[in-house]
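S.K.: please find the sequence and the predicted model below.
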Amino acid sequence: MPKMKTHRGLAKRVKVTGTGRVLVMGHHRNNKRMKKRAQKLYSLRGMQAVDGTHGQRVKRLLPYHGIK
């Protein structure tokens, strides 16, 4: 059986923690920043956990990243 390929576009956008959680940068940050409150932009600064509904899809696209 051949090896499965990692989806390179997703691999560049996410980070997998040591415990297997998948983190991604918050969206809605770069467009129309002047209209957004400072608190909103501050809350989008860090990485956020990927929602559980996308878990199976992320697992399939990143087969060798140790996602639980």
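M.R.: Noted; the coordinates are in hand. Numbering: from 1, shown residues only.
S.K.: test my guess that Met25 contacts Arg13.
M.R.: Yes - assessed by C-beta atoms under 8 Å, Met25 is found in contact with Arg13 at 7.3 Å. (Glycine included, C-beta is placed from N, CA and C.)
S.K.: more neighbours, these two?
M.R.: Neighbour count, other C-beta atoms under 10 Å: between Met25 and Arg13, Met25 has more, with 13 against 10.
S.K.: so where do the strands sit in the protein?
M.R.: Secondary structure of the chain (DSSP state E): strands located at 14-16, 22-25, 47-49.
S.K.: can you redo those as TSV with distance to Thr6?
M.R.: Converted to TSV, these look like this (distance: least, C-beta to C-beta, whole Å):
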stretch	distance to Thr6
strand 14-16	11
strand 22-25	13
strand 47-49	19
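S.K.: could you dump those to CSV with mean pLDDT and distance to Ile67?
M.R.: Below are these laid out as CSV (pLDDT from 0 to 100; distance: least, C-beta to C-beta, whole Å):
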stretch, mean pLDDT, distance to Ile67
strand 14-16, 93, 6
strand 22-25, 92, 6
strand 47-49, 92, 12
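S.K.: check contacts around the residue positioned nearest the centre of the chain.
M.R.: Compute the mean C-alpha point of the chain, and by C-alpha atoms, centre = their mean the closest residue is Val24, 2.5 Å away. Contacts for Val24 (C-beta atoms under 8 Å, 6 or more residues apart in numbering) come out as Arg13, Val14, Lys15, Met47, Gln48, Ala49, Val50.
S.K.: repeat that for Lys15.
M.R.: When contacts are counted by C-beta under 8 Å, 6+ apart, Lys15 is found next to Val22, Leu23, Val24, Met47.
S.K.: which one (most neighbours) among these?
M.R.: Val22 leads the contacts of Lys15 on contacts (other C-beta under 10 Å) with 22 neighbours.
S.K.: surely that one meets Ile67?
M.R.: Yes - using C-beta under 8 Å, Val22 is in contact with Ile67, at 6.0 Å.
S.K.: now do the shared contacts for the two.
M.R.: Val16, Gly55, Val58.
S.K.: Met4: which of those residues is nearest?
M.R.: Val58 (13.6 Å; C-beta to C-beta).
S.K.: sounds good, over and out.
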